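S.K.: Could you work out the structure for the sequence below:
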Amino acid sequence: MTADELATWAVDGVERVLAHVADLTDDQLVAPLLPTINPLLWEIGHIAWFQELFVLRRASGHDPILPFGDAIYDSGAIPHDTRWRLRLPSREDTVDYVRTVGQRVADVVADSDTSDVARHFARYTVHHHDTHSEALTYTRQTLGLPLPPLSGLTDATVDFGVADDDWAGDVRIGGGRFYLGGMMGDPFVYDNEKWAHPVDVEPFDMAKVPVTQGEFADFIEDGGYTTPHLWSDNGRWVAETGARHPLYWRRGDDGWQRRHFDAWVPLEPDHPVHFVCWWEADAFARWAGRRLPTEAEWEFAACSGARHKPTYPWGDELPKPHQAATDWLGKGTVPVGVCASGETPEGVRHLIGNVWEWTATDFYGYPNFERDAYGENSQQFFGERKVLRGGGWATRGRYLRNTMRNYFTHERQDVIAGFRTCAR
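M.R.: Okay, here's the model as predicted:
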C-alpha cells in the first residue's frame, strides 16, 4: 500500500463514519441507553480521539487538539453508561474535530519523513473507523432508523452476478496440516491473529453457502425454539428471553417478515439468515443433524489449506461485487446464489461478506499471542466470546481477510451474523 493510498483511506474512513449520522437529529445522536450501543455523538468523537491518540500524539509527537479529550472519549476509562451523562462538544464542534483529525492524519501519512510506525497506526485507526461504521449500522438497525444516505452506495444499483441454483449441499474439504493465523509478513493483522501456528484439520464436509432465511423458517415451524434438547444450554437462553424467532422477525398476514432498519419486508428465502445469536445458530445445526465449523476449519476452507495464504479466497485484490457482498453495496444481504466468482477452488461461496459466520470456537489467544499497543482490543475478552469469521454486507472489504477474527458473546442478536454448517 502506498502512502497516498493510505492517506485517501484516512479521509474516506472519516467521511463514511460521518455519513452514517449526517441525517439524524440532535436527539437521535444521543440515543436511548442500551447495553449494545453508544451515544452516537460520543461515538464519533471517540473514533477521532482514538486516531489522534495513536497516530498524531503517540506516533508523531503532536500536542492534543482537545485538551479535555482524554477525559470524555477514552472508552477504556469511561464506563459504558457514563457516556450518556458526559458534557460533550456540540455536534458542529464534534464533526469539525473528526474531520480535523482525519485530515491531519492524512497529511502525516503523505509526508515522506513519516515513520513506518506512524503509518502502521494510521492503518490501525482507519480500521477502527471501519469497525465503528459497521457498529453504527447495527445501531441504526437496533433503533429502527432508516437507511443512511450513503452517496454512491444506498443510491446505487449493483450487479452481484446472475443468481444460480447450484448452491445447495456440501463441499468436501480434504483437510491436512496448515498454519492458522496471521503471518509476520502480512501487510496488517490484529493481535488476536498473531501468530500463525500449525494445526491439523481432519477432512470435513462444509455447506457451500450460509444457512438461508427459508431454511431457518423451517426450523422455527418444526418447533426449534420449543425443543430444549436442541439447545446446548438445555434451553436456558430461550426460557430467559422468551424468543420464538429471530429478533427482527414477525409473522405477517402473508407469512414471515423481517425488519430492515425502519421497514418490514417479506422474508427472502434465498438470502442468508442474519441477526441471530450463537445459541440460535447452534440449535439450528443440532436440529439439522449437523454442527458449526471450527474456526480452523473455516480458515482452512477459505485459503484452501495453503501455507502461503491469500488475503481472500480468490486472491489478494479487494472484493468486487461479483466476488463478495461487502461495503454496503447491496444495502443488505444478497441471495446466496450470487457472487460465484468469490468461491474457493473447492466451491465454497460467501466466506467473505454477506454475513459474519458464527463458529464453534471459543475466543482465545493463539499460542504465540502478542498484545497490540491498543491493549484493550482482544485479551480482556478471551474465554468469554465465540469467534465469527468472514464479514458482512456492511463490513468494509479492506477490513477483511481470511485470517480475520471477530468475537461476540453468545447472546448477541444485533450483529449482522449468520452461519453455515458442516456434516457431523
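S.K.: Go ahead and confirm residue 81 touches residue 34.
M.R.: No - assessed by CB atoms under 8 Å, residue 81 is found out of contact with residue 34, at 10.1 Å. C-beta coordinates here come from the backbone N, C-alpha and C atoms, glycine included.
S.K.: And those two? Which one has more around it.
M.R.: Remark: of residue 81 and residue 34, residue 34 carries more neighbours, 12 against 9, as counted by other CB atoms under 10 Å.
S.K.: Listing request: residues of this protein with sub-threshold pLDDT.
M.R.: Within the chain, no stretch falls below the threshold (pLDDT under 70).
S.K.: Longest helix in it, please.
M.R.: Ranked by residue count and defined by DSSP state H, the top helix of the chain is helix 116-143.
S.K.: Tell me the buried residues in it?
M.R.: For helix 116-143, a neighbour-count test (16 or more other CB atoms under 10 Å) marks 118-143 as buried.
S.K.: Show me the helices in this protein, by range?
M.R.: 3-19, 40-51, 69-73, 91-110, 116-143, 213-221, 236-241, 278-287, 295-303.
S.K.: and the angle from the second one to helix 116-143?
M.R.: On the basis of axes from the mean of the first three to the mean of the last three CA atoms, to 10 degrees, helix 40-51 is oriented at 170 degrees to helix 116-143.
S.K.: Give me the neighbour count for residue 363.
M.R.: Neighbour count for residue 363, taken as other CB under 10 Å: 21.
S.K.: do residue 75 as well
M.R.: 16.
S.K.: what's the closest non-adjacent residue to it?
M.R.: Closest residue to residue 75 apart from its sequence neighbours, by CB to CB, 6 or more residues apart in numbering: residue 46 at 5.9 Å.
S.K.: Need phi/psi at the residue lying closest to residue 23 once chain neighbours are set aside.
M.R.: Excluding its sequence neighbours, the residue lying closest to residue 23 (CB to CB, 6+ apart) is residue 149, at 5.6 Å. Note on residue 149: its backbone torsions stand at phi -80, psi 90 [degrees, to the nearest 10].
S.K.: my read: residue 149 touches residue 21, true?
M.R.: No - in this structure, residue 149 is not within contact of residue 21 by CB under 8 Å, at 10.8 Å.
S.K.: who has more neighbours, the two?
M.R.: Between residue 149 and residue 21, counted using other CB under 10 Å, the more crowded position is residue 21 (21 against 12).
S.K.: Run a quick check on the more buried one versus residue 38, I expect a contact.
M.R.: No - contact between residue 21 and residue 38 fails when scored by CB under 8 Å: they sit 11.6 Å apart.
S.K.: Just list the residues touching residue 344, thanks.
M.R.: Applying CB atoms under 8 Å, 6 or more residues apart in numbering to residue 344 gives the contacts 171, 301, 302, 304, 313, 351.
S.K.: again with residue 71
M.R.: Per CB under 8 Å, 6+ apart, neighbours of residue 71: none.
S.K.: How about the one 4 residues further on?
M.R.: Applying CB under 8 Å, 6+ apart to residue 75 gives the contacts 46, 50, 376.
S.K.: and if we set it to 10 Å?
M.R.: By CB atoms under 10 Å, 6 or more residues apart in numbering, the residues touching residue 75 are 38, 42, 43, 46, 47, 49, 50, 83, 376.
S.K.: Residue 34 too?
M.R.: 80, 139, 142, 143, 414.
S.K.: Could you count how many residues lie near residue 364?
M.R.: 17.
S.K.: Check the gap between it and residue 383 for me.
M.R.: Distance, residue 364 to residue 383, by CB to CB, to the nearest Å: 6 Å.
S.K.: do the same with residue 328
M.R.: With distances taken as CB to CB, residue 328 is found 33 Å from residue 383.
S.K.: between these two, which one's more packed in?
M.R.: Shown here are residue 328 and residue 383; by other CB under 10 Å, residue 328 has more neighbours (26 against 8).
S.K.: Tell me how far the closest residue to that one other than its chain neighbours lies from residue 327.
M.R.: Closest residue to residue 328 apart from its sequence neighbours, by CB to CB, 6+ apart: residue 153 at 4.5 Å. Noted for residue 153: a distance of 7 Å to residue 327, by CB to CB.
S.K.: what is in contact with these two at once?
M.R.: Shared contacts of residue 153 and residue 327, defined by CB under 10 Å, 6+ apart, comprise 16, 394.
S.K.: Looking at these two, which one has more neighbours?
M.R.: The neighbour comparison of residue 153 against residue 327 (other CB under 10 Å) goes to residue 327, with 24 against 18.
S.K.: I'd like the distance between that one and residue 159.
M.R.: Here the distance between residue 327 and residue 159 works out to 14 Å (CB to CB).
S.K.: So what would you say the end-to-end distance of stretch 48-65 is?
M.R.: Terminal residues of stretch 48-65 lie 10 Å apart, using CA to CA, to the nearest Å.
S.K.: in it, what's buried?
M.R.: 48, 49, 50, 51, 52, 53, 54, 55, 56, 57, 59, 60.
S.K.: Also stretch 359-369?
M.R.: Residues of stretch 359-369 classed as buried: 359, 360, 361, 363, 364, 365, 366, 369 (neighbour count, 16+ other CB under 10 Å).
S.K.: what do you get for stretch 246-258?
M.R.: 246, 247, 248, 249, 256, 257, 258.
S.K.: What of stretch 226-244?
M.R.: So, applying 16+ other CB under 10 Å, buried residues of stretch 226-244: 230, 231, 232, 235, 237, 238, 243.
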